[in-house]
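Q: Let's see this in three dimensions:
(2 chains)
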Amino acid sequence: MSDAVADARAWAMLAGAVAAALALLYVLRPRRRRVEVPFGGLWQRVLAASQARAFGRKWQRVWSFLLMLGLAGALLGALGEPIFRPEPPSQPPVRWSTVLVVDVSASMATLDGITPAVSAAHLVARLDEAKFALGQLLARSPRDEQFLVLAASGHSQVHSGWTLDRTATMAAVAALQPTDAGLDLQRALAAARAMLAGRPGGRAVLVTDAGHPQRQGDVGSGAVPVALTVGPARDWDRQADTALALAKLASATLDDLAIETVHLRPELPDPDRGTLAVRVRNDSGQVQAARLAVRAADGAQVAADFRADAHLRRLVEVALPVGLSTHIVADLDLGQARFAVQVVGKAPRWVDVAPWNDWGFAVLTEQRKIRVLWVGGANQFLAGAFDAGTRADVTHLEVAAYDPKAWQASDKPRHGIDVVVLDQVPQPPPEGMPALMLAMQGPADATATAQRLAEPDLQVKAGDHPLMRAVSFQDTNFDSVRPLPVQQGDTVLAGAALPGGRTAAVMVARDVAVRQIVWGLDLLETDLALRIALPILVANALGWLAGDAEPLVPPLEIGRPWAIQSPNRRDDWQYLEPGKPARPARVAAGQLLAASERHGVQVWRDGAGKVVARPTTLGDWEQAAQFSPVYRTVEDRPEPPAALDTEALGAWQRWLLAACLALAVEWLLYLRRRTV
Amino acid sequence: MPTDLPADSPLRQDLFDAAFLGRVEQLALLARRMATSGAQAHRRSKKLGSGIEFAEHRDYAPGDEPNQIDWALYARSDDLQIREFEEEEDLSVYFLVDHSQSMAVGPEDTPTLLDRALQLSAALAYISLSNLDRVAAVPFAQGAQPPMRPLRGRGQFFRLLRALSAVQPGGKTAIAQTIDDFVRYQPRKGLVVLLSDFFDPTGLGDALRQLTYRGFQPMLLHLVDASLLEAGSYGDVALVDSETGQLHEITLTPAMMAEYRAAFEGFCADIDSAARQVGATCLRLDIAVPYDEAVLRVFRAGGFLG
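A: A predicted model of the protein is given here:
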């Protein structure tokens, strides 16, 4: 019992004793002296006259009557309070405050308990195990302990407020569901500390399959959490005398296959075919035979949406070595924009107990049109390259009609051109405009041609540059090329071998203030125009000049806040979180802001139907087989600081105090009359 | 229905001891001296009868004795007139003694109003007996008892004392009812001496008017206890009416006592007013005044011996 409550009860008992003493004195107070008078009529006249004159005396009986009524009411209230209002006294004063920090991260969905003798139907998820443990904790907790349930994963969310009601707390715990995010332990404990601020007897009980934060050293001073660890047991677990009977498992039965990332890349020049790169992690300690199921759909967002057989596109048999391995699924039909890959174990004795990390997602980028101003003479090869891609919206202009000042970047709202292509044009590109210059003659700028090389041996110098993706110059013949001087900030994409072992740059990319590409060759003097490399090169160049640094959509990490560049300035974007109804999206500074703990495809859609879709990745902080030590429940908690809690007094006790006060007033009034 | 005195009832020695008897003899002598000195008028019966002192004429009526006709007057005026004479008879003195419970209020071991009333009535009765008046004592409270047979002569004094000694306090004061009862017994006309505290809620005026209407001469001896006008202590008290038992809870304060004294003075003024209306003598006697002094005050006030 805390000092505060003890003091409150002592005060109440003292008040009760005083009240009883006063009541006794009131009952036993001296009776009036009886004086026999010969004729009471005279006194009656005197009384009548006196009361008629004196205001105070006239109302003295009324005051006394009202006072006695109040006294009687207070006593009745004191006596009747426990009967008429049984609820308030049944609420004990709060002495303990406990935040139940429940890990609802993805790993808590792992099913534990599998053995050869136990079927998958009897498996217990770690979150269910945590609920069972919390049920026992609540059943054993004192009645004066209040609880708050904090669901912790990537974000921490108060799931139920402070309450002494065990049923409500247990209902809140039972309603917890695992998310697809990882556990941000520091954020969860910081939230718990904030919730405990100013509360008596504060502590945090962390229920997680992760390690104890103190051991990890990532918790500052303040409330020290008590960890109830669930998940796979280890040798030190069995020796621990835990207060709660937790299910302990052998690690050998765990499903330790997980998909970490999925990359999807269209294969040019056919934009409808693509390649899928899947990175799989095998932590089981042995090589596992598995299948990769590739599914595609247009509107699906989560694994449940992709499960339909109609969405199955490819089933690939793979052998998964221990650790990370990357598997390529090539020549995929990219008719649908959203893809999901599931890794499925193949061994018959092996049951997937961690389905939450078996899925990966990928989304095709939006292929927006690129408006191109083509300046130059007739060039059927260049025109064919433009037509091979589906993105170029070309406007042709003769050289004589070309005026660089008319196509400056500052006039873009007027002309609407994204990229300028100058084919054998001596004039410079418009100011501030991205430009591709096929310049045998060369513009009069830093990339001007210097000399002409005959029959050069063209070599790719920057194969990892976006312009050179899927581009090969093998067996390509050139009549001549013109070497280009290279300056700071230039990237040499291709070079020609000069006699003596030297190399001259013939394809240069510049990304300083504005992107520019210069080719020191003439398409009419090479068979490159007849090869597949040309449309790929042109498509890559247009994409790079238009600002597409990465043609693949980068995945979003679950549980983290996201900021995605909005394709327009509209503010009527809707956010479609997987598995949840659409809601208005947060838009700030031209970016779509969101955070989700649902693994799948995150979708934004504006009022005009424009869609932005991004896949998610689980991140690498949640692993099904993460081993952690077991910590026992701390029973000997420190006493909360002593303070008089006036709320500890029941209403009937306050009534008793009021009656006490009324009795005292009445007693004083009586004494005053006696001592006149 | 007249009742005789109890022949063997004992005397109250606390009231009528030898000293008292000796003192009343002295008071009788003193009273006679005061009467012969002219301080007191003679009291005669107003009954017309066969006396020797002419009173008045009246018209002759058939049946009158012829020898009562004033023939001399008939000779002068040729009118038959009957001569009437005052009848000489003894004065009847009735002592109506209030023995209600209020007359017994007072501290223990001290004389009560009733004691003083009995002593006063005894002393005055002795003087009346010495004056050859007819004396009767009539105790009353809620009503008058049947009057005793009037006594005459000093030899009857002890019978009177025994009758007074038998009076015990009790009952409520109802003076109007007492007078009704008294006149219903048709006693001889005479002096009615009322000894009482007159604490009657119904008042005194009607009773006195009936007495005078019936031919009696009332005399009021108002006995008071002045000590009751001073509070022994103040504070919360429960005043109990000695006769009705009615309770009055009151907080006694000096102001309240002053108001009570004022009320008592008003009460006394009402009694005096009622007495004046019927021409009666009203004398207020404090219990603190010795009975012999009180007797002398009665004589000084006049209206008792005739």
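Q: Tell me which residue lies nearest the centroid of chain B.
A: B:Val193 (1.0 Å; Cα atoms, centre = their mean).
Q: Likewise for chain A?
A: Geometric middle of chain A (Cα atoms, centre = their mean) lands on A:Gly559, at 2.9 Å.
Q: Looks to me like A:Met507 is in a strand.
A: Yes - assigned with DSSP: H, G, I helix; E, B strand; the rest coil, A:Met507 falls within a strand.
Q: beta partners of it?
A: Bridge pairing for A:Met507 (DSSP bridges) gives the partners A:Ala494, A:Trp519.
Q: For the stretch 551-676 of chain A, just list every one of the strands.
A: For the stretch 551-676 of chain A, the strands defined by DSSP state E, counting those that start in this stretch occupy A:556-557, A:562-565, A:574-576, A:583-584, A:586-588, A:591-594, A:601-605, A:611-617.
Q: wait, isn't B:Thr244 in contact with A:Gly40?
A: Yes - the pair B:Thr244 and A:Gly40 passes the contact test of Cβ atoms under 8 Å, sitting 6.6 Å apart. For every residue, glycine as well, the C-beta is placed using N, CA and C.
Q: May I ask which helix or strand of chain B has the lowest mean pLDDT?
A: strand B:48-49 (a mean of 54; mean pLDDT, DSSP states H and E).
Q: before we move on, the earlier item: and the strands of the stretch 551-676 of chain A, which is most packed in?
A: strand A:601-605 (a mean of 22; mean count of other Cβ atoms under 10 Å in any protein chain shown).
Q: picking that back up, how about the nearest residue to the residue nearest to the centre of chain A, chain neighbours excluded?
A: With Cβ to Cβ, 6 or more residues apart in numbering or on different chains as the criterion, A:Gly559 has its nearest non-adjacent residue at 2.0 Å, and that residue is A:Gly154.
Q: Same check on A:Ala664?
A: A:Leu22 is the one closest to A:Ala664 (Cβ to Cβ, 6+ apart), at 6.3 Å.
Q: And A:Arg307, by the same measure?
A: Excluding its sequence neighbours, the residue lying closest to A:Arg307 (Cβ to Cβ, 6+ apart) is A:Arg295, at 7.7 Å.
Q: So that neighbour belongs to a strand, correct?
A: Yes - counting by three-state DSSP, A:Arg295 is found in a strand.
Q: ok, now which ones touch it?
A: A:306-307, A:311-313, A:339-342 (Cβ atoms under 8 Å, 6 or more residues apart in numbering or on different chains).
Q: show me where the stretch 201-350 of chain A has helices.
A: A:213-216, A:235-239, A:303-306 (DSSP state H, counting those that start in this stretch).
Q: and what of chain A?
A: A:3-27, A:40-53, A:55-84, A:87-90, A:126-140, A:166-174, A:185-196, A:213-216, A:235-239, A:303-306, A:380-388, A:412-415, A:533-545, A:651-674 (DSSP state H).
Q: How about the stretch 1-150 of chain B?
A: Using DSSP H, counting those that start in this stretch, helices in the stretch 1-150 of chain B cover B:18-34, B:71-77, B:113-130.
Q: Can you say which of these is nearest to A:Gln602?
A: helix B:113-130 (114.2 Å; Cβ to Cβ).
Q: So which other helices or strands are in contact with that closest one?
A: helix B:18-34, strand B:92-98, strand B:134-140, helix B:157-165, strand B:190-196, strand B:217-224, helix B:291-301 (3 or more Cβ pairs under 8 Å, 6 or more residues apart in numbering or on different chains; DSSP states H and E).
Q: residues touching the residue nearest to B:Phe182 when sequence neighbours are not counted, list them.
A: Residue nearest to B:Phe182 in three dimensions, not counting chain neighbours: B:Ala144, with 4.4 Å by Cβ to Cβ, 6+ apart. Contacts for B:Ala144 were tallied using Cβ under 8 Å, 6+ apart; they are B:96, B:138, B:177-179, B:181-182, B:185.
Q: quick one: contacts for residue 168?
A: Since no chain was named, I'll use chain A. Listed by Cβ under 8 Å, 6+ apart, the contact partners of A:Ala168 are A:Ser160.
Q: actually it's chain B I care about, not the one you picked
A: For B:Gln168, the contacting residues are B:His99, by Cβ under 8 Å, 6+ apart.
Q: For B:Ser100, see how far away it is.
A: 11 Å (Cβ to Cβ, to the nearest Å).
Q: Over to A:Val399?
A: Distance from A:Val399 to B:Ser100, by Cβ to Cβ: 151 Å.
Q: who's more crowded, these two?
A: Taking other Cβ atoms under 10 Å in any protein chain shown, A:Val399 and B:Ser100 do not tie; B:Ser100 has more neighbours (28 against 14).
Q: Test my guess that that one contacts B:Val167.
A: No - the criterion here is Cβ under 8 Å, and B:Ser100 misses it with B:Val167 at 11.0 Å.
Q: who does the top strand by length along chain A pair up with?
A: Counting by DSSP state E, the longest strand found in chain A is strand A:270-282. Using DSSP bridges, strand A:270-282 pairs in its sheet with strand A:257-267 (antiparallel), strand A:323-333 (antiparallel).
Q: Just the C-alpha atoms of that strand, please, in CSV.
A: The C-alpha trace of strand A:270-282 is given here as CSV (Å, rounded to 0.1, in the frame of the first residue of the first chain):
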residue,chain,number,x,y,z
ASP,A,270,10.3,-4.1,-76.8
PRO,A,271,8.7,-2.3,-73.9
ASP,A,272,6.2,-5.1,-73.3
ARG,A,273,8.9,-7.6,-72.3
GLY,A,274,10.9,-7.3,-69.2
THR,A,275,13.2,-9.0,-66.7
LEU,A,276,12.6,-9.6,-63.0
ALA,A,277,15.5,-9.8,-60.5
VAL,A,278,14.5,-11.4,-57.2
ARG,A,279,16.8,-11.4,-54.2
VAL,A,280,16.0,-14.3,-51.8
ARG,A,281,17.4,-14.9,-48.3
ASN,A,282,17.8,-18.4,-46.9
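Q: just the angle between that strand and helix A:533-545, please?
A: 70 degrees (axes from the mean of the first three to the mean of the last three Cα atoms, to 10 degrees).
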